[in-house]
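S.K.: let's see this in three dimensions:
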Amino acid sequence: MTTTAPGPGSPLKGKSKDDAPSSSHWWDFYALVEQQGRPVVWASSAILCAHESEPIVVGRTFPSSQQFILPSPAAVAAAPGSYEPPTVLTLSPDESWLFAYFPGRQQPGVGCIWRAHHADSWVVVEPIGFSRNGGVVSAAWLGHVREWAIDSSRRTSRLPPLGPAMLVASPALVLVTQNMQFQVCNIRFNATLPKVTSISCSLGKHDGSSAVPNSDPLPDLENRLCTHAAIGLGYDETSILVATRSHTKVVPLEPSYVPLGSDLRPDLASHLHNVHLADSADWESWAQESNIELAEIRQMGDAVYVRPLPPIRCVDQKLSSLSFFPAHQETVSTEQVPTTPILRMYLCASLVNFGDYSALPTSELTIYGLSRKFYPNTASEWLSTKLVSKIFPENVTFVVPHHRFSHSGTVVVGSWSAHTPHTKRNLSAKVPSGTVSVLRLPSLDPHPDWETEPLLTARGDTAPPFYVALSPNGALFCSIPPLMVTPSRVLVHAMPKRTLLNATPPQDQPAPDFILALISAINSKRSVSDITHQLSSNSISVQEVEGVLYEVISSLQSQRDGLRDVWLHEFLGVALEVYRAKGERTPKALEKDDLASRWRTIQDLCSIVACQSAFEDCTDGDAVELDTVWPLTVLSTWYLNFIEELMRECVLLGDAREGLGDNATERQAIPTPHPVLLSLLHTDVLSRIRKTLGTVKRFYEHLSSLSPGGENGALSRSLLLDAVDGSGINLEALDALLVQISEKVGQLDASDALRSLAACRPVPAVYPFLFATARLVSHSNAIDKPRLFIKPLDFISEVGKARRSSEAVDEGQDVISKGVLLRQRPTRACIRCGGKTQQNETIVRSDSIVPRALSLQWQTWGRRWSARCICGGRWISLSRHT
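M.R.: The predicted model follows:
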């Protein structure tokens, strides 16, 4: 039952103006049926959406609030007043390509394809022209990778391929235009530059006609104008389904001259259009058609074949949206023809009924099943069936797929309430304005395993969230208001949570949603920024975060033990991101320092992996190119500093435990080991440290045996020799000591080592082992304690001043090369760890730009980190946000 807003003459009794509810009206929902929408997509590290009034695409890095603007195609940049904001925005499955369509104002529209370099850096590949009545209505990318799925028992599997198989690795974009054309845009690489080639065909023609490659849009072939379209991709399905709804084109009247004068009476009879004539287009023919047209698309090589299917009869209501959802079915065996039709996809039609426009509209969702029936002669046909139709008491504003990495067929439905209570007692900046529910397909019944989440919006906001996008892992979704609605802001909402089995679960029981989402994200190598945003909330304790990460690493250990090197590095990056985000949001200073030491330890472990890979890529046995000596020397110096810190913490811990024994229970007598000692608790981490130590040791011996040649060679040799001699570490003895520690690490309980790795610091259960190891290090001949703790440069005042002055002119340390970051140089920052780098950038000298004078091997190794940081995070350009 809908409720109309009280009139101006009937104020709510007993309520002040601030306590009055915020009411919605029917015109607030009319944007649902308007053709021009405001699209939004959520990439791994950024939210991209159409500007509210200008023809540009705006981006915002997540979870930060830094904004950037994508470069516009040449035609739009030259005449921005001739184009509308983009109405179509779609992101490729690998998040490397983006397509947007800009409608023209009294002229043809323009499409554009971008290619991603970094999270906030997109480059225009090529614009695509369209005819005036051939604008893009719907778009989708082909070439989906097989997603990882996970069930409630944490069993993982791979979903079947979504959509037809691609013959080449290049991406392909499919479009449905207003003039009922289906267009395929293939991106091909000519030398190093990508090139877009297009083929088009009419959706109204039968199999006999195939498309021919062309670069110009085809002329209008139908007397209809498509208003809504959906592109359907199914699992293990070679065909593409297209659903469209259209209306007859309005033919403008011929312009004529009507003389007007003071003494003449104009005759307008011949200029009026009588809609009651039989040969005249009546008003109903200009409205939406009652049918939803279906077509099957098959691509074979460079040809596209279309087969129209029987249409679906739809009630005469205003259509809000059309959406395809793939049906999760078992793979069809090719050896035996199935006897019954196989359900491939669901088609969801969202309808809005405004009635007589005196009250709020009603919403209706209708689900159609699209099945494929196979015949022994290898032929097949598509069957459409109306499965369910449901009217909702509240206004449905959006319908989106739930989890793409789930086996269950579910959708997320957002509903908007008629009145939003705004009271003085509710001082929150956001108030509940509706609900977000998880519904089953095809019944549209609430799923019992998921709770209903309130839809929170800004106070006083009467614009329902029509345009939404799910985060990469489905943990959050964002919404934006319609076009021309101000203020325009991107709101981030929480998705429904999984229903807990127990009404009052134990305090130490980790949330299952976070565990399943993190396992799926690590397997798929997706960004976890949306999950991190929730885990870093102050309502979740650090102990709960440790429990979630422990459950995740335990599941990965049991399921993917053979791929330890792959998932372990991904897990370390996720743990770094979680603890860093947690530290930035916590108000407690001690907890902030503790979390900072944890994620910096993980960053050092990631640096060791990168350091070892640099030596593997840039050396050939003991042979090292002269241009590579200096950067490898800088990496070796950083590694020695890390080993020094590790040894110092061992000595401090061992000396603090002297005379107390391994079983001391007095709380004041038990020092807390530093997180850097985590390196001595895990066999994989310790083996990396040992391997890098051997590499640095051989490099040191190689430079020691060479005579200085040139200024750079002599400087590199002197720097490394001084670093080793002044470190207070005997590399030969240290290697033997690490071997001895490695043998004892195998005796640790595996679960305690995993808990320490999940917590990014040693847990109390491994304290006795660390105490014994620390005493072993403290009494070994691998270290020289005076040199380890006291550096000669600290006693030279002038050198100390020079060092401090040099530190003031640089911008810190490069997270990849470990060199000095120089000022006024192109710099990138990692969204995950915050590390900065100038690798793969150019050096500006006076008025020219020259590349770095380094060896080809070092440049090849540096390009390994062009897309992601050593921790796995994505880059953003600092120059864009300063």
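S.K.: so residue 70 sits against residue 57, correct?
M.R.: Yes: Residue 70 is in contact with residue 57 according to Cβ atoms under 8 Å; the separation is 4.2 Å. From N, CA and C alone the C-beta is placed, and that goes for glycine too.
S.K.: between these two, which contacts overlap?
M.R.: Residues touching both residue 70 and residue 57 (Cβ atoms under 8 Å, 6 or more residues apart in numbering): 48, 98.
S.K.: which one's more surrounded, those two?
M.R.: residue 57 (25 against 21; other Cβ atoms under 10 Å).
S.K.: next one: that one from residue 598, what distance?
M.R.: 37 Å (Cβ to Cβ, to the nearest Å).
S.K.: if I look at residue 864, how far off is residue 123?
M.R.: In terms of Cβ to Cβ, residue 864 sits 21 Å off from residue 123.
S.K.: my bad, residue 142
M.R.: Per Cβ to Cβ, residue 142 is found 21 Å from residue 123.
S.K.: who's residue 455 bridged to?
M.R.: Beta-bridge pairing of residue 455 under DSSP bridges involves residue 434.
S.K.: counting neighbours, what do you get for residue 736?
M.R.: By the criterion of other Cβ under 10 Å, residue 736 has 12 neighbours.
S.K.: residue 398 too?
M.R.: 24.
S.K.: can you pull the contacts of it?
M.R.: Applying Cβ under 8 Å, 6+ apart to residue 398 gives the contacts 321, 412, 413, 414, 465, 466, 467, 468, 479.
S.K.: and residue 614, what helix or strand is that in?
M.R.: helix 589-618 (DSSP states H and E).
S.K.: before we move on, what about residue 132?
M.R.: Under the criterion DSSP H and E, no helix or strand holds residue 132.
S.K.: my guess is it contacts residue 107. True?
M.R.: Yes: using Cβ under 8 Å, residue 132 makes contact with residue 107 at a distance of 6.7 Å.
S.K.: which one of the two has more residues nearby?
M.R.: Ranked by neighbour count (other Cβ under 10 Å), residue 132 and residue 107 place residue 132 first, with 15 against 12.
S.K.: please report how far the closest residue to the more buried one other than its chain neighbours lies from residue 136.
M.R.: Distance criterion Cβ to Cβ, 6 or more residues apart in numbering; nearest residue to residue 132, sequence neighbours excluded, is residue 108 at 4.8 Å. Residue 108 sits 12 Å away from residue 136, going by Cβ to Cβ.
S.K.: what does residue 653 give?
M.R.: For residue 653, the distance to residue 136 - Cβ to Cβ - is 64 Å.
S.K.: circling back: can you flag which of the contacts of residue 398 belong to helices?
M.R.: Among those, no member falls in helices (DSSP state H).
S.K.: so which of those would you say is closest to residue 127?
M.R.: The closest of these to residue 127 turns out to be residue 467 (Cβ to Cβ; 24.0 Å).
S.K.: residues in contact with the closest one?
M.R.: 37, 38, 39, 40, 49, 398, 479, 480, 481, 482.
S.K.: what is the nearest of these to residue 245?
M.R.: residue 37 (14.8 Å).
S.K.: and that closest one, what pLDDT?
M.R.: Confidence at residue 37, expressed as pLDDT, is 78.
S.K.: test my guess that it contacts residue 481.
M.R.: No: contact between residue 37 and residue 481 fails when scored by Cβ under 8 Å: they sit 11.3 Å apart.
S.K.: point out where the stretch 401-550 of the chain drops to low pLDDT.
M.R.: Low-confidence segments of the stretch 401-550 of the chain, defined by pLDDT under 70: 404-408, 418-429, 459-462, 483-487, 500-511.
S.K.: does anything pack onto the helix or strand containing residue 558? Which helices or strands?
M.R.: Residue 558 belongs to helix 542-559 when assigned by DSSP H and E. Here helix 542-559 touches helix 512-524, helix 564-585, helix 750-759, going by 3 or more Cβ pairs under 8 Å, 6 or more residues apart in numbering; DSSP states H and E.
S.K.: so which bits of stretch 777-791 are buried?
M.R.: For stretch 777-791, the neighbour count (16 or more other Cβ atoms under 10 Å) marks 777, 778, 780, 782, 783, 788 as buried.
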